[in-house]
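Asks: below is the sequence, then the predicted model.
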Amino acid sequence: MVNSNAEEIQKKFKVLATQGNLNNHIGVPLTLLQLTEQHEIGIIEMGANHVKEIEKLCEIALPNWGYITNFGKAHLEGFGSEEGVVRGKSELYTHLIQNQGQILINGADPKQVEQTKNYKVVQFSNKNTPDFKIEYLSNDENQLELRFKERIFKSPLYGTYNFNNIAAAIAFGTLFEVPLTEIQNAIAAYDSKNNRSQKLSIKGTQIILDAYNANPSSMEAALKAFSENKSNSKTVILGDMLELGIYSKEEHENILKLCLEYKFNNISYRIGSCKHADISTFSLHPLKSITSGEGGIITTTNTKIARNIKLYRSHGISRNKSNYWKYEVIKHGFNYRLSDINCALGYSQLNKISSFLKKRKFIYKKYFNEFKNFNTNLIIPKYSKTIKPSFHLFLININFNNLKKNKDHFLKYLVSRNILAQQHYIPIYKFKIYKEKKYNYLGSNKYFKNSISIPVFVNLRIQQQNKIIKTIKNYFKG
């Protein structure tokens, strides 16, 4: 937004504009210190993650014009709520009103209208407005088009969410009496290069890089724009949305639901990012997609947990390397680390993961197609084209009550025909080590009573799978 305004206003004036993300209590003063007598206009971006921060930045910069791009769900952890975001950002309005400054607002944004309703402001909108009516015409993968005063303004920026940014730039340029032709040229020439709506082409693949400080509002806008892309193959790769505090889990789940609604071909999060938990664990058991023969992997963003895990990995021993390798046993630990040979086994399979998944997916889909409409007493997992699992298990749930049989009978039936299946999962409190069995978890009991995991190993031959399918179907006929 700052850069697009600067592009056009500097067609007429000597302009200093914020560079990069120098928008906080350090960045704003650093930018202001670059002002010289030659500069006629300073365009200063102000950022905040808590209330009173914009107020302080206004005291430093003393702006006489102001515009707030939007009131999104950003930095909820610091602001406390969406209302806190509105209150914090509106400190710019308060400063300008108290100092007889001037305000530009998006007249189509109810929150901006509400926050400035008792003050004379300048408005732009794609609807009727007393100041700047800027019509949003079209959006394709190559450019956005707007109309103002019977002129067409074309921008190479990506995404309908940039209509407001371009309209604000047109309004500011007009307010500062930049010729309309110069505004047109500046908007046509400006293409984002700072991880915001950035278009890339890598080995023939078109990539939209929109990775600047994501929040639920910006993520939703970016996904909506991407869903409108006409490509037949669309993959979204999503990173964490930070500083959401107590809203983090809910907002991440909302974004995932939105992705499923838009039916993207693939959805990818960073594996092991621990965005909903303190620890992520990965088993390297022989049944998994990658195995080391034994053991597993733990990831965490919690430094205290990481320190304790390292101690358990190393007999609970803490070493002081700077003091002749003096060590102290500070926890009752065990040697939980993988041996070198196990690590080498797991590492060697990383290059094979794609072929493993391809084979497991083939097996999984065959089970799915054979059993999906077979019998109402046999429930199978749903198959989704939008989620990419590892396919290391195929769970079936059988309503044994209707069949007047039980799981043990079914498992013995499979074993008698040389088919091994797995009980999935025995409720942990049922084991003998738990002496007090006063708890009765109905959900886990019901699941355990009916669930079985049937073979999905990579080397399962088609003849073997056909035998498994036939054997299970025969059980329901018997």
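Replies: Done, it's in.
Asks: can you list the weak-confidence ranges in the stretch 301-450 of the chain?
Replies: 315-328, 330-336, 384-388, 434-440 (pLDDT under 70).
Asks: and the strands in it?
Replies: 317-320, 326-329, 378-379, 394-398, 422-423 (DSSP state E, counting those that start in this stretch).
Asks: repeat that for the stretch 101-250 of the chain.
Replies: Along the stretch 101-250 of the chain, the stretches classed as strands by DSSP E, counting those that start in this stretch are 102-106, 122-125, 132-133, 135-139, 144-148, 151-155, 198-202, 205-209, 235-238.
Asks: reformat these as JSON lines; add mean pLDDT and mean neighbour count.
Replies: Where C-beta positions appear, they are placed from N, C-alpha and C, glycine not excepted. Below are those laid out as JSON lines (pLDDT from 0 to 100; neighbours: other CB atoms under 10 Å):
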{"stretch": "strand 102-106", "mean pLDDT": "97", "mean neighbour count": "21"}
{"stretch": "strand 122-125", "mean pLDDT": "95", "mean neighbour count": "22"}
{"stretch": "strand 132-133", "mean pLDDT": "94", "mean neighbour count": "19"}
{"stretch": "strand 135-139", "mean pLDDT": "87", "mean neighbour count": "15"}
{"stretch": "strand 144-148", "mean pLDDT": "94", "mean neighbour count": "19"}
{"stretch": "strand 151-155", "mean pLDDT": "94", "mean neighbour count": "18"}
{"stretch": "strand 198-202", "mean pLDDT": "87", "mean neighbour count": "12"}
{"stretch": "strand 205-209", "mean pLDDT": "88", "mean neighbour count": "13"}
{"stretch": "strand 235-238", "mean pLDDT": "86", "mean neighbour count": "16"}
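Asks: which one of those strands lies closest to Val329?
Replies: strand 235-238 (43.1 Å; CB to CB).
Asks: partners of the closest one, with directions?
Replies: strand 266-269 (parallel) (DSSP bridges).
Asks: can you tell me how far the closest residue to Lys359 other than its chain neighbours is from Leu345?
Replies: The shortest distance from Lys359 to any non-neighbouring residue, by CB to CB, 6 or more residues apart in numbering, is to Val458 (5.0 Å). Distance, Val458 to Leu345, by CB to CB, to the nearest Å: 15 Å.
Asks: packing partners of the top helix by length along the chain?
Replies: Determined from DSSP state H, the single longest helix within the chain is helix 353-371. If contacts are counted by 3 or more CB pairs under 8 Å, 6 or more residues apart in numbering; DSSP states H and E, helix 353-371 sits against strand 394-398, helix 462-477.
Asks: now, of those, which is deepest in the fold?
Replies: Among the helices and strands packed on helix 353-371, the stretch with the highest mean neighbour count (mean count of other CB atoms under 10 Å) is strand 394-398, at a mean of 19.
Asks: contact partners of that strand?
Replies: Residues from elsewhere that reach strand 394-398 (CB atoms under 8 Å, 6 or more residues apart in numbering): 363-364, 367, 371, 377-381, 407, 410, 424, 447, 450-456, 472.
Asks: can you select the buried ones among these for me in ChimeraX?
Replies: With 16 or more other CB atoms under 10 Å as the criterion, this ChimeraX line picks the buried residues out of the contacts of strand 394-398:
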select :363,364,367,371,378,380,381,407,410,424,450,451,452,453,454,455,456,472
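Asks: picking that back up, which one, of the strands of the stretch 101-250 of the chain, ends up nearest to Gly478?
Replies: Among those, strand 235-238 sits nearest to Gly478 (CB to CB), with 45.9 Å.
Asks: run the chain-centre distance for that closest one.
Replies: 8 Å (CA atoms, centre = their mean, to the nearest Å).
Asks: which residues in the stretch 101-250 of the chain form helices?
Replies: With DSSP state H, counting those that start in this stretch as the criterion, the stretch 101-250 of the chain has helices at 110-115, 163-175, 180-189, 216-227, 248-262.
Asks: which of the ones you listed has the lowest mean pLDDT?
Replies: Ranked by mean pLDDT, those bottom out at helix 248-262, which scores a mean of 87.
Asks: can you mark which positions in it are buried?
Replies: In helix 248-262, counting by 16+ other CB under 10 Å, buried: 248, 251-252, 255, 258-259, 262.
Asks: mind picking the two most distant members of these?
Replies: By the measure CB to CB, Ser248 and Tyr262 form the most distant pair in those, at 21.7 Å.
Asks: wouldn't Gln143 be in contact with Lys154 here?
Replies: Yes: applying CB atoms under 8 Å as the test, Gln143 and Lys154 come out as touching, 5.2 Å apart.
Asks: let me have the strands of the stretch 101-250 of the chain in JSON lines, extended by distance to Ser354.
Replies: Listed next are the strands of the stretch 101-250 of the chain as JSON lines, based on distance: least, CB to CB, whole Å:
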{"stretch": "strand 102-106", "distance to Ser354": "47"}
{"stretch": "strand 122-125", "distance to Ser354": "50"}
{"stretch": "strand 132-133", "distance to Ser354": "53"}
{"stretch": "strand 135-139", "distance to Ser354": "36"}
{"stretch": "strand 144-148", "distance to Ser354": "38"}
{"stretch": "strand 151-155", "distance to Ser354": "39"}
{"stretch": "strand 198-202", "distance to Ser354": "19"}
{"stretch": "strand 205-209", "distance to Ser354": "17"}
{"stretch": "strand 235-238", "distance to Ser354": "15"}
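Asks: for those, which one sits closest to Thr281?
Replies: strand 235-238 (21.4 Å).
Asks: could you export the closest one as CSV, CA atoms only?
Replies: Once non-C-alpha atoms are left out, strand 235-238 reads as follows in CSV (Å, rounded to 0.1, in the frame of the first residue of the first chain):
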residue,chain,number,x,y,z
THR,A,235,-2.3,-26.3,-4.5
VAL,A,236,-2.1,-24.1,-1.4
ILE,A,237,0.9,-24.2,1.0
LEU,A,238,0.0,-22.5,4.3
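Asks: the closest residue to Leu57 other than its chain neighbours - how many residues pack around it?
Replies: Nearest in space to Leu57, with sequence neighbours left out and distances taken as CB to CB, 6+ apart, is Met46 at 4.5 Å. For Met46, the count of nearby residues is 24 (other CB atoms under 10 Å).
Asks: mind checking the SS state of Met46?
Replies: coil (DSSP: H, G, I helix; E, B strand; the rest coil).
Asks: that one: what's it in contact with?
Replies: When contacts are counted by CB under 8 Å, 6+ apart, Met46 touches 23, 28, 54, 57-58, 61, 92.
Asks: quick revisit: can you add distance to Tyr441 and give the helices of the stretch 101-250 of the chain back as JSON lines?
Replies: Output for the helices of the stretch 101-250 of the chain, formatted as JSON lines (distance: least, CB to CB, whole Å):
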{"stretch": "helix 110-115", "distance to Tyr441": "46"}
{"stretch": "helix 163-175", "distance to Tyr441": "51"}
{"stretch": "helix 180-189", "distance to Tyr441": "62"}
{"stretch": "helix 216-227", "distance to Tyr441": "34"}
{"stretch": "helix 248-262", "distance to Tyr441": "23"}
